[in-house]
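Enquirer: only geometry, no sequence info:
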């Protein structure tokens, strides 16, 4: 079973029905990031605690709790979305070491829905661009042709998908 072949809702359904665990889904995502990101630079930060968060989802499911419509689904956020205790750089050297003291509203909603954040994706610095060639931290490559940019100010997210 190739987990990347499923939509988020299909994967959440498989996790809720225990056909696959949240830890397996998140672990698979982290494995793909480790395998490809050196070449792509899609991610500016990888949340290594994601597997622990996924295991908590699995434990809650085993206890019969409702874990939400995105139960255990791995999610990457553009690096202008705050995740408490995680760097939020907006792809700028000025913010390279800034740690968010709070969650963005969208982060809170995704976590309440059961999603597991696996990392923060590259972007044009402060989202001011259209190709992700203007990141202050790394040039994101198109996974289909690494000589090309992925396009958009959300190119890290596009390359990650």
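Expert: Perfect, I can see it now. What you are looking at is a predicted structure, and each value in this text was computed from that prediction instead of being measured.
Enquirer: C-alpha only now, for contacts and for neighbours.
Expert: OK.
Enquirer: neighbouring contacts of stretch 119-126?
Expert: Under the contact criterion Cα atoms under 8 Å, 6 or more residues apart in numbering, stretch 119-126 has outside partners 41-47, 75-80, 88, 90-92, 130-136, 138, 140, 153-157, 160.
Enquirer: which of the residues you listed fall in helices?
Expert: Judged by DSSP state H, helices contain the following of these: 155-157, 160.
Enquirer: so which of the residues you listed is the most crowded?
Expert: Counting neighbours by other Cα atoms under 10 Å, residue 156 leads these with 34 neighbours.
Enquirer: that residue touches residue 78, doesn't it?
Expert: Yes. At 7.4 Å, residue 156 and residue 78 qualify as touching, with contact defined as Cα atoms under 8 Å.
Enquirer: now the strands: where do they sit in the chain?
Expert: Here the chain has its strands, by DSSP state E, at 43-46, 74-78, 116-121.
Enquirer: show me what contacts residue 127?
Expert: Residue 127 touches 80, 90, 153-154, counting by Cα under 8 Å, 6+ apart.
Enquirer: save those as JSON lines, and put in pLDDT and neighbour count too.
Expert: As requested, those are exported to JSON lines (pLDDT from 0 to 100; neighbours: other Cα atoms under 10 Å):
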{"residue": "80", "pLDDT": "97", "neighbour count": "20"}
{"residue": "90", "pLDDT": "97", "neighbour count": "28"}
{"residue": "153", "pLDDT": "87", "neighbour count": "23"}
{"residue": "154", "pLDDT": "93", "neighbour count": "24"}
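Enquirer: just those residues now: which is nearest residue 67?
Expert: residue 80 (26.1 Å; Cα to Cα).
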